[in-house]
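>>> A structural model of the following input is requested.
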Amino acid sequence: MSLIDDPKQKKLEERAKRRRERDLGDIRKILSIPEGRRFYWRILSVAGIFRTSWTGQVEQTLVNEGSRNNGLIFLNDLMEASPTSFVQLQREANAEAKSQQKDEE
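Below is the predicted model of the structure:
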(Lines give C-alpha, C1' and ligand atoms only; values in the text may rest on other atoms or scores of the structure.)
Protein backbone atom coordinates (compact mmCIF):
# COMPACT_ATOMS: atom_id res chain seq x y z
CA MET A 1 0.00 0.00 0.00
CA SER A 2 1.41 3.42 -0.97
CA LEU A 3 1.13 6.58 1.10
CA ILE A 4 -1.37 8.02 -1.38
CA ASP A 5 -3.82 5.18 -0.68
CA ASP A 6 -3.31 5.39 3.07
CA PRO A 7 -6.60 6.64 4.63
CA LYS A 8 -4.77 8.14 7.63
CA GLN A 9 -2.42 10.07 5.36
CA LYS A 10 -5.35 11.28 3.28
CA LYS A 11 -7.15 12.46 6.43
CA LEU A 12 -4.06 14.33 7.60
CA GLU A 13 -3.70 16.00 4.21
CA GLU A 14 -7.37 17.03 4.19
CA ARG A 15 -7.06 18.43 7.71
CA ALA A 16 -3.94 20.40 6.75
CA LYS A 17 -5.73 21.75 3.66
CA ARG A 18 -8.73 22.88 5.75
CA ARG A 19 -6.41 24.50 8.29
CA ARG A 20 -4.54 26.34 5.52
CA GLU A 21 -7.79 27.59 4.00
CA ARG A 22 -8.91 28.77 7.43
CA ASP A 23 -5.63 30.63 7.92
CA LEU A 24 -5.91 32.26 4.50
CA GLY A 25 -9.50 33.23 5.29
CA ASP A 26 -8.31 34.80 8.55
CA ILE A 27 -5.74 36.85 6.63
CA ARG A 28 -8.40 37.97 4.13
CA LYS A 29 -10.57 39.09 7.06
CA ILE A 30 -7.67 41.03 8.60
CA LEU A 31 -6.99 42.70 5.26
CA SER A 32 -10.63 43.68 4.83
CA ILE A 33 -10.37 46.54 7.34
CA PRO A 34 -7.97 49.51 7.38
CA GLU A 35 -6.75 48.69 10.90
CA GLY A 36 -5.88 45.15 9.82
CA ARG A 37 -4.01 46.37 6.75
CA ARG A 38 -2.02 48.88 8.82
CA PHE A 39 -1.15 46.15 11.32
CA TYR A 40 -0.11 43.71 8.58
CA TRP A 41 2.08 46.37 6.94
CA ARG A 42 3.68 47.06 10.32
CA ILE A 43 4.51 43.37 10.74
CA LEU A 44 6.15 43.28 7.31
CA SER A 45 8.07 46.50 7.97
CA VAL A 46 9.28 45.57 11.45
CA ALA A 47 10.39 42.17 10.15
CA GLY A 48 12.73 43.97 7.76
CA ILE A 49 11.60 42.51 4.46
CA PHE A 50 12.15 45.89 2.77
CA ARG A 51 15.77 46.30 3.86
CA THR A 52 18.98 44.33 3.89
CA SER A 53 19.79 42.14 6.87
CA TRP A 54 23.51 42.89 6.68
CA THR A 55 24.85 45.11 9.46
CA GLY A 56 28.55 44.33 9.37
CA GLN A 57 28.24 42.27 12.55
CA VAL A 58 27.58 38.59 12.02
CA GLU A 59 25.42 38.06 15.11
CA GLN A 60 23.10 41.00 14.41
CA THR A 61 22.90 40.07 10.74
CA LEU A 62 21.77 36.56 11.71
CA VAL A 63 19.12 37.97 14.06
CA ASN A 64 17.92 40.34 11.33
CA GLU A 65 17.81 37.54 8.77
CA GLY A 66 15.70 35.40 11.13
CA SER A 67 13.26 38.26 11.57
CA ARG A 68 13.24 38.88 7.82
CA ASN A 69 12.52 35.21 7.17
CA ASN A 70 9.44 35.41 9.41
CA GLY A 71 8.34 38.52 7.53
CA LEU A 72 8.72 36.72 4.23
CA ILE A 73 6.46 33.96 5.53
CA PHE A 74 3.83 36.62 6.31
CA LEU A 75 4.34 38.14 2.86
CA ASN A 76 3.95 34.74 1.20
CA ASP A 77 0.73 34.16 3.14
CA LEU A 78 -0.54 37.58 2.10
CA MET A 79 0.25 36.92 -1.55
CA GLU A 80 -1.53 33.57 -1.42
CA ALA A 81 -4.57 34.91 0.43
CA SER A 82 -5.05 38.14 -1.51
CA PRO A 83 -2.37 39.08 -4.05
CA THR A 84 -3.87 42.48 -4.86
CA SER A 85 -3.83 43.48 -1.20
CA PHE A 86 -0.07 44.02 -1.20
CA VAL A 87 -0.41 46.95 -3.58
CA GLN A 88 -3.23 48.35 -1.46
CA LEU A 89 -1.06 48.08 1.67
CA GLN A 90 1.77 49.91 -0.12
CA ARG A 91 -0.49 52.70 -1.32
CA GLU A 92 -2.05 53.22 2.09
CA ALA A 93 1.33 53.18 3.83
CA ASN A 94 2.74 55.70 1.33
CA ALA A 95 -0.30 57.96 1.74
CA GLU A 96 0.07 57.84 5.52
CA ALA A 97 3.80 58.59 5.31
CA LYS A 98 3.14 61.59 3.04
CA SER A 99 0.45 62.84 5.42
CA GLN A 100 2.81 62.57 8.38
CA GLN A 101 5.54 64.34 6.43
CA LYS A 102 3.17 67.23 5.64
CA ASP A 103 2.18 67.45 9.30
CA GLU A 104 5.84 67.72 10.30
CA GLU A 105 6.58 70.53 7.83
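
>>> how deep is residue 33 tucked in, by neighbour count?
Per other CB atoms under 10 Å, the neighbour tally for residue 33 reads 10. Every C-beta, even on glycine, is put in place using the N, C-alpha and C of the backbone.

>>> for the one 4 residues further on, same thing?
Here the number of neighbours of residue 37 (other CB under 10 Å) works out to 18.

>>> One more: the one 5 residues further on?
Residue 42 has 12 neighbouring residues, counting by other CB under 10 Å.

>>> Tell me the spacing between it and residue 89.
Distance from residue 42 to residue 89, counting by CB to CB, to the nearest Å: 10 Å.

>>> which residues of the protein score low on pLDDT?
1-4 (pLDDT under 70).

>>> try it again with 90
1-7, 102, 105 (pLDDT under 90).

>>> And the helices in it, which stretches?
7-31, 34-47, 58-81, 85-104 (DSSP state H).

>>> Now residue 70. Nearest residue, chain neighbours left out?
What sits nearest to residue 70 in space, not counting adjacent residues and going by CB to CB, 6 or more residues apart in numbering, is residue 47, at 5.6 Å.
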